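Novice: Model the structure of this input:
(4 chains)
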2 protein chains.
Amino acid sequence: MNLDHIRYFLGLADDLHFWNASEKMNITQSALSRHIKALEDELGVVLFDRTKRKVSLTAAGTFLQTEWQRLLAEMDNVQRQARLLDSGMAGVLRIGHPSSIRFSIMPDLVVAFSRAYPDVKLELVDIDDTNIEDVVLNYQIDIGFERGHPVHDSLASRLLLVEPIALVVNDKHPIQPGSFTDLGQFRDEPFMLPAHCHSELYLNTLYQIFPQYGFTPRVVFESDHGTTLLSLVARGMGVTVLPMSYEKGAPAGVQFMALPHETSLHMIWRQNNTCSIIKNAIQVATKVLVVGSEG
Amino acid sequence: MNLDHIRYFLGLADDLHFWNASEKMNITQSALSRHIKALEDELGVVLFDRTKRKVSLTAAGTFLQTEWQRLLAEMDNVQRQARLLDSGMAGVLRIGHPSSIRFSIMPDLVVAFSRAYPDVKLELVDIDDTNIEDVVLNYQIDIGFERGHPVHDSLASRLLLVEPIALVVNDKHPIQPGSFTDLGQFRDEPFMLPAHCHSELYLNTLYQIFPQYGFTPRVVFESDHGTTLLSLVARGMGVTVLPMSYEKGAPAGVQFMALPHETSLHMIWRQNNTCSIIKNAIQVATKVLVVGSEG
DNA sequence: ATTATTAATGCGAAAATCGAATTGATAACA
DNA sequence: TGTTATCAATTCGATTTTCGCATTAATAAT
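Specialist: Reported below is the predicted structural model:
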């Protein structure tokens, strides 16, 4: 059955006059007659009583008028929603990110994206010890953030941010920004560092720093959570090394000192994910954290 | 847009394989390809990602799969209901009847009809002093019952019942069935009779009886309600004349004696009412009250 | 490099649909 | 009572759409 048949039916049901109705719908009267007949034949139900002089709806016709009107309107709404989904103006975007950007970068991105696409629902998924690339590949999330260029082939990525890695000390520590020269000054300090189950890429970067200063840090505490490390630094338990973006939202009593080393933040997604929401998200993220671009 | 397009879409969305899906739906693969393409072009939305080797639904496609499935099911239900309405298996039937058959005939008809057509809702409309023919013609009810052949041209009717008119006396009245000969015996009795706003046809029949016995009844009380008259007869206030069908459900203490006069019961409906429920109602009524038939 | 798989496409035939004109039946009017 | 006006159904030839068959093109598997 053709939805146009139903539209023609509704037009005739409004006018109850074949010629008038056909003219309003820009078809000929003969076409309208045939459409209605075809519809009636297909249903096996007479929709109009025509007495050569007057056209009126049958009981079934009256029923179908209201029901089909409703269903056609629903069809339209469904199609409009589909177009929104297609254009990335509506839908769901699941995001996973390391805790390191929870307070500094994610809020900016979320606010910017929600403003631009208010009808897209954001689901922030907590990713702790799992490899974030796997979580993207497993369709658990659509977009992930990772420190370092993604390893997996079928992931696409964009570099969003390059930031210094910082040494973090208690603000009562004898060495402060004024007297800080290089990391070698801390060779005998107790370090608190991320655990090994954290992002490999970042850990590699991190653990390649110390040998350059000729020492291996004495690790007295391990944690994946930067905020945990920060609060222990604030309590004077030792020093730590974290991306500079942790400075925003850090507790009182800690001091960040940039090291001459950097870490990058990449946004990653499935290469075969053609959904426009992804494209929109890339665009927003790029606009918010203006950096160059990458494949 | 054609609903078949949507069916083809749903078929492909199930299989995610053009050839398999097309074979299941008894069309060729080329036809299916073109249907899907036509649908996508019409919507302006890509529904499937096809990578020459794998077919998968887009976000919009996934959405439309569930929504269109639901809408198509609704379409089917609506059509089924329309067919029921058309066949007279469902719908509403509004009935008006004189109070004279409320206890004797209507219950039988209602029970029989409800058993045969359980999905047709019966609305019993109380018709008191209004002309029942007008109530049918005004579309207030679909079917009416009238004592006598209908007057109006555009009404169709069927004779359902011919029954005696009865004299009703108190069971302590000196004249009882054994001693009853004719109505002339009651020329000096106090009569209680229907009021003039009752059905004209019946009143004409009724008031033509007395002259045949050479007297005019002494009317001491008038009422349209046969049950009222009966209860007064039971209290010994006088005698009355009513269709024999009142005997069923009459109060204790009254005695019915058939007169050699008859009244008929007709079912009436709008001649131009083509609704099958009417036809079904006629059939049921005829079967329940087996009598001949009439135009 | 070769083969198998599979969606898209070109092509002629078949089917559906269209508009213009005609028909047939009824209501309105003279 | 005969005539006209109205209006839905129908006929007919032309156009458009849709179909199946065969082929093409692109990819994955061997």
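Novice: can you list contacts of stretch A:45-64?
Specialist: Here stretch A:45-64 makes contact (Cβ atoms under 8 Å, 6 or more residues apart in numbering or on different chains) with A:9, A:12-13, A:16-18, A:36, A:39-40, A:65, B:78, B:81-83, B:85-86, B:91, B:272, B:274-275, B:277. From N, CA and C alone the C-beta is placed, and that goes for glycine too.
Novice: Whether the helix or strand harbouring A:F63 contacts DNA strand D - can you check?
Specialist: In this structure, A:F63 is located in helix A:59-87 according to DSSP states H and E. No. Helix A:59-87 lies out of reach of DNA strand D by Cβ under 7 Å from any atom of the strand, never closer than 12.6 Å.
Novice: Indicate the residue of the stretch 151-295 of chain A located nearest to chain B.
Specialist: Closest residue of the stretch 151-295 of chain A to chain B, Cβ to the nearest Cβ: A:C275 (5.0 Å).
Novice: hang on, that residue packs against A:G91?
Specialist: Yes. Counting by Cβ atoms under 8 Å, A:G91 is a contact partner of A:C275 at 7.4 Å.
Novice: lowest-pLDDT helix or strand in chain A?
Specialist: Lowest mean confidence among the helices and strands of chain A (mean pLDDT, DSSP states H and E): helix A:200-207, at a mean of 86.
Novice: for the very next helix or strand once past that one, what is the average pLDDT?
Specialist: Next along the chain after helix A:200-207, taking DSSP H and E as the criterion, comes strand A:218-222. For strand A:218-222, mean pLDDT rounds to 94.
Novice: can I get the CA coordinates of strand A:218-222 in CSV?
Specialist: Below are the C-alpha coordinates for strand A:218-222, written out as CSV (Å, rounded to 0.1, in the frame of the first residue of the first chain):
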residue,chain,number,x,y,z
ARG,A,218,61.9,5.6,45.1
VAL,A,219,58.1,4.9,44.9
VAL,A,220,56.4,4.8,48.3
PHE,A,221,52.8,4.7,47.0
GLU,A,222,51.1,3.8,43.8
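Novice: what about A:F186, distance to A:Y207?
Specialist: 15 Å (Cβ to Cβ, to the nearest Å).
Novice: Of these two, which one has the most company?
Specialist: A:F186 (22 against 15; other Cβ atoms under 10 Å in any protein chain shown).
Novice: Run through the bridge partners of the residue lying closest to the more buried one once chain neighbours are set aside.
Specialist: In space, and not counting its chain neighbours, A:F186 is closest to A:V239: 6.1 Å by Cβ to Cβ, 6 or more residues apart in numbering or on different chains. As for beta bridges, A:V239 partners with A:F191 under DSSP bridges.
Novice: can you list the residues of the stretch 51-200 of chain A near chain B?
Specialist: A:51, A:58-60, A:63-64, A:67-68, A:71, A:74-75, A:78-79, A:81-83, A:85-86, A:91 (Cβ under 8 Å from any Cβ of the partner chain).
Novice: Only the buried subset of those, as a PyMOL command please.
Specialist: Of those, the buried ones go into a single PyMOL selection, burial set by 16 or more other Cβ atoms under 10 Å in any protein chain shown:
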select buried, chain A and resi 58+59+60+63+64+67+68+71+75+78+79+81+82+85+86+91
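Novice: so how far is the strand or helix carrying A:D134 from its chain's centroid?
Specialist: Element membership for A:D134 (DSSP H and E) is helix A:132-137. With Cα atoms, centre = their mean, to the nearest Å as the basis, helix A:132-137 stands 14 Å off its chain's centre.
Novice: and the following helix or strand past it, which strands flank it?
Specialist: Downstream of helix A:132-137, the first helix or strand assigned by DSSP H and E is strand A:143-146. If you go by DSSP bridges, strand A:143-146 pairs up with strand A:91-97 (parallel), strand A:254-270 (antiparallel).
Novice: what's the offset of strand A:143-146 from the middle of its chain?
Specialist: 10 Å.
Novice: what's the answer for stretch A:163-172, then?
Specialist: That offset, for stretch A:163-172, works out to 31 Å (Cα atoms, centre = their mean).
Novice: what's that stretch in contact with?
Specialist: With contact meaning Cβ under 8 Å, 6+ apart, stretch A:163-172 is reached by A:175-176, A:180, A:183, A:186, A:205-206, A:209, A:229-230, A:233-236, A:239-247, A:250, A:253-265.
Novice: Make a ChimeraX selection of the buried ones in these.
Specialist: Here is the ChimeraX command that picks out the buried ones among those, judged by 16+ other Cβ under 10 Å:
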select /A:175,180,183,186,205,206,209,229,230,233,234,239,240,241,242,243,244,245,246,247,250,254,255,256,257,259,263,264,265
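Novice: A:L43 is in contact with B:L84, isn't it?
Specialist: No. The criterion here is Cβ under 8 Å, and A:L43 misses it with B:L84 at 11.8 Å.
Novice: Overlap of the contact sets of these two?
Specialist: In terms of Cβ under 8 Å, 6+ apart, A:L43 and B:L84 are not both contacted by any residue.
Novice: helix/strand/coil for A:S100?
Specialist: helix (DSSP: H, G, I helix; E, B strand; the rest coil).
Novice: Looks like A:P243 contacts A:S100 (just checking).
Specialist: Yes. Applying Cβ under 8 Å as the test, A:P243 and A:S100 come out as touching, 5.6 Å apart.
Novice: what touches both of the two?
Specialist: Joint contacts of A:P243 and A:S100 (Cβ under 8 Å, 6+ apart) are A:R147, A:G226.
Novice: so the closest residue in space to A:H17 that isn't next to it in sequence bridges to which residues?
Specialist: Excluding the flanking residues, the one nearest A:H17 by Cβ to Cβ, 6+ apart is A:V55, at 6.3 Å. With DSSP bridges applied, A:V55 shows beta-bridge pairing to A:R50.
Novice: got any ranges where chain A has weak pLDDT?
Specialist: A:129, A:197-198, A:290-295 (pLDDT under 70).
Novice: Would you point out which residue is most central in it?
Specialist: A:L93 (3.4 Å; Cα atoms, centre = their mean).
Novice: Residues in a beta bridge with that one, which ones?
Specialist: A:L122.
Novice: measure it to DNA strand C for me?
Specialist: 27 Å (Cβ to the nearest atom of the strand, to the nearest Å).
Novice: Does that residue touch A:E123 like I think?
Specialist: Yes. Contact criterion Cβ under 8 Å: A:L93 and A:E123 qualify, at 7.1 Å.
Novice: Ramachandran angles for A:T58?
Specialist: phi -80, psi 180 (degrees, to the nearest 10).
Novice: of all of the stretch 151-295 of chain A, which residue lies closest to DNA strand C?
Specialist: A:T274 (13.9 Å; Cβ to the nearest atom of the strand).
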